[in-house]
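> Any chance you can model this:
(2 chains)
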Amino acid sequence: MSEPDWRIRSGGLADRGLLSSFDCANPAVEFEVEVERFIRTQLIDWASAPGAAGDDPRLLLALVRATGELFGVAAHERVIFQGSDGNQFNATKLEVAAIARAWQGCCFRTGERTSDVLMSAVMADVSARVPPRDSRVFGIVHKDNQRSIALCRRYGLMEEMSSPDLNYLRLVTAHRSPFRDHN
Amino acid sequence: MTIAEWPVVNRRRVVHAYKPGEPSTSEGPFRTLRGHKWASSGVRVTRRSGRRMAGQMTLFSSLNVESARLARLGNSAEAARVACAAEELEAGPEFAELRHIMSYLSGYDAQQVVDGVMPEDAPAELAEALKAVARRTEQWRTSELTLTTLAEVITGRIAEVHKGYVVLVRVGGPATMVPRWMAVAAQRDTVGSLLALVMDKLDDGRAVVEAVPAIDVDDHTGTGRFSPFGRGDPRILSITEADELLLAGEPQPLRILVPVLIEE
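Take a look at the predicted model:
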């Protein structure tokens, strides 16, 4: 079986330069610029923050196998939602997922979308973590970012939690209701 | 994150703390407060438009609310001491910077600031100046323990907005419901806004409850804007009861649509 046109690898401190020029935003769209700015200037520090090691932060880089071009960046980490009565819910926060502008809406020769490769990599990575992560994954998306909202839904982030801010949605993977009748 | 009451107030709030229930526009109560030195003189902001004077307004340190409350409770000496502290704050560099920045705002925007609202397109320096004043005020408050027992204050962030009420969530603490009209009056009826509930005891069975705007004195972004990134903003992991119900269910398996191998 031939190798796919892409490869996914975990990122680290040595990738600071690579990320510093990552271009995923239309300069006229503020919520896209916000994502690009975070990737370029903060993501490496986020991933390598000494105090955050216990949260298992993961940085994933999607590259074109033949050229080494970076076409996608994603990151996630373990978090705990704290309920009002002390209830805790383990989850994974999808910190960021972005496709380079030149690769947005593109497919590889074998038909896979670039966005599917990146999101599948995130989900596969979450599933493979040791100790195991909870399969609750959530992301915070700008309410006007329809493409990202659609992609999140495609990967099962269907449920809308309370909004952390008027301009953002908090989407989480679907849950089977604890009150559903199992006949 | 440290959420504190909005650090500047108008005269109406000072009078209201002294005479709850009385028309707060009347001159008498404020004259009494000033006559006994239970209130500071405030800071006069002269607004400018180019080289011309565009108007004047007076704002007060929020410590005046406490001094007025002390005066109402008959603690004259303490009231004078707190008013003196308010006077010192108002004469300090933090207020000077705030006054300077406000002098270039429009009348409407300057009034918004006193009412606890950050005007749209306000310069980042304005947010910083307000936080600097709030930090100095909180430093003084925490060093003066008597103030903490004067009134019960609950500060937090609005997590839910419903038709008749909003849900106020304390940082790392429980939630409480607040009538929506109170949040509207404090101009804090949107998700994410910061609100303080002040319960001012009148006697053993009665209290005046006031919803007032609040500010995050630890927010160093300079904008007060929400960012979905990083680990600093508690809103990212703050959940409501409805969220808890949702999360209590069994998570569905993750979807992997393309087989992917990850190289370490």
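> quick one, strands of the chain?
Because you didn't say which chain, this covers chain A. Using DSSP state E, the strands of chain A run over residues A:6-10, A:58-64, A:70-82, A:88-99, A:137-142, A:159-160, A:168-172, A:175-176.
> sorry, should have said chain B
According to DSSP E, chain B carries its strands in the segments B:3-5, B:8-9, B:43-49, B:52-61, B:151-161, B:165-169, B:175-179, B:194-203, B:206-216, B:250-251, B:262-263.
> quick one: strands adjacent to the fifth one?
This points to strand B:151-161. Strand B:151-161 has the following strand partners under DSSP bridges: strand B:165-169 (antiparallel), strand B:194-203 (antiparallel).
> if we can go back for a sec, same list (the strands of chain A) but as CSV, adding mean neighbour count.
Bear in mind the C-beta positions are built from the backbone N, C-alpha and C, glycine included. Converted to CSV, the strands of chain A look like this (neighbours: other C-beta atoms under 10 Å in any protein chain shown):
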stretch, mean neighbour count
strand A:6-10, 19
strand A:58-64, 22
strand A:70-82, 22
strand A:88-99, 22
strand A:137-142, 24
strand A:159-160, 16
strand A:168-172, 23
strand A:175-176, 14
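> Kindly reformat the ones you listed as JSON lines and extend each row with distance to residue A:109.
Output for those, formatted as JSON lines (distance: least, C-beta to C-beta, whole Å):
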{"stretch": "strand A:6-10", "distance to residue A:109": "11"}
{"stretch": "strand A:58-64", "distance to residue A:109": "11"}
{"stretch": "strand A:70-82", "distance to residue A:109": "14"}
{"stretch": "strand A:88-99", "distance to residue A:109": "17"}
{"stretch": "strand A:137-142", "distance to residue A:109": "29"}
{"stretch": "strand A:159-160", "distance to residue A:109": "35"}
{"stretch": "strand A:168-172", "distance to residue A:109": "31"}
{"stretch": "strand A:175-176", "distance to residue A:109": "37"}
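> of those, which approaches residue B:142 most closely?
Closest to residue B:142 of the strands of chain A, according to C-beta to C-beta: strand A:70-82, at 25.3 Å.
> does chain B sit close to the closest one?
Yes. Judged by C-beta under 8 Å from any C-beta of the partner chain, strand A:70-82 and chain B are in contact via A:79-82.
> From the contact counts, what lies against that strand?
helix A:16-20, helix A:43-48, strand A:58-64, strand A:88-99, helix A:114-128 (3 or more C-beta pairs under 8 Å, 6 or more residues apart in numbering or on different chains; DSSP states H and E).
> For residue B:19, find the nearest of these.
Of all these, it is strand A:88-99 that lies closest to residue B:19, at 47.0 Å by C-beta to C-beta.
> That closest one pairs with which strands?
Strand A:88-99 has these strand partners (DSSP bridges): strand A:70-82 (antiparallel), strand A:137-142 (parallel).
> Out of the ones you listed, flag the one nearest residue B:76.
With C-beta to C-beta as the measure, strand A:70-82 is the member of the strands paired with strand A:88-99 nearest residue B:76 (44.8 Å).
> want to throw the strands of chain B into a markdown table with mean neighbour count?
Shown next, in a markdown table, are the strands of chain B (neighbours: other C-beta under 10 Å):
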| stretch | mean neighbour count |
| --- | --- |
| strand B:3-5 | 22 |
| strand B:8-9 | 25 |
| strand B:43-49 | 15 |
| strand B:52-61 | 17 |
| strand B:151-161 | 20 |
| strand B:165-169 | 22 |
| strand B:175-179 | 16 |
| strand B:194-203 | 18 |
| strand B:206-216 | 19 |
| strand B:250-251 | 16 |
| strand B:262-263 | 12 |
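> Nearest residue to residue A:129 in space, please, no chain neighbours.
Spatial nearest neighbour of residue A:129, excluding adjacent residues (C-beta to C-beta, 6 or more residues apart in numbering or on different chains): residue A:56 at 6.2 Å.
> mind checking how far that neighbour is from chain B?
Distance from residue A:56 to chain B, counting by C-beta to the nearest C-beta, to the nearest Å: 13 Å.
> Which residues are in contact with that residue?
By C-beta atoms under 8 Å, 6 or more residues apart in numbering or on different chains, residue A:56 lies in contact with A:77-78, A:129, A:133.
> Need the contact partners of stretch B:26-39.
By C-beta under 8 Å, 6+ apart, the residues outside stretch B:26-39 that reach it are B:11, B:14-15, B:18-19, B:22, B:41, B:60, B:64, B:67-68, B:70-71, B:76, B:79-80, B:83-84, B:86.
> Weed out the non-buried ones from those.
With burial judged by 16 or more other C-beta atoms under 10 Å in any protein chain shown, the buried subset of those is B:11, B:14-15, B:18-19, B:60, B:64, B:67-68, B:70-71, B:79-80, B:83, B:86.
> Tell me which of the residues you listed fall in helices.
B:11, B:14-15, B:18, B:64, B:67-68, B:70-71, B:79-80, B:83, B:86 (DSSP state H).
> could I get those as CSV with distance to residue B:126?
Compiled in CSV, those are given as follows (distance: C-beta to C-beta, whole Å):
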residue, distance to residue B:126
B:11, 21
B:14, 23
B:15, 26
B:18, 29
B:64, 21
B:67, 26
B:68, 26
B:70, 30
B:71, 31
B:79, 31
B:80, 32
B:83, 26
B:86, 21
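> can I get these in JSON lines with pLDDT and distance to chain A?
What follows is those, written out as JSON lines (pLDDT from 0 to 100; distance: C-beta to the nearest C-beta, whole Å):
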{"residue": "B:11", "pLDDT": "91", "distance to chain A": "32"}
{"residue": "B:14", "pLDDT": "93", "distance to chain A": "32"}
{"residue": "B:15", "pLDDT": "92", "distance to chain A": "34"}
{"residue": "B:18", "pLDDT": "91", "distance to chain A": "36"}
{"residue": "B:64", "pLDDT": "95", "distance to chain A": "32"}
{"residue": "B:67", "pLDDT": "94", "distance to chain A": "35"}
{"residue": "B:68", "pLDDT": "94", "distance to chain A": "34"}
{"residue": "B:70", "pLDDT": "91", "distance to chain A": "34"}
{"residue": "B:71", "pLDDT": "93", "distance to chain A": "38"}
{"residue": "B:79", "pLDDT": "92", "distance to chain A": "38"}
{"residue": "B:80", "pLDDT": "93", "distance to chain A": "42"}
{"residue": "B:83", "pLDDT": "94", "distance to chain A": "38"}
{"residue": "B:86", "pLDDT": "94", "distance to chain A": "34"}
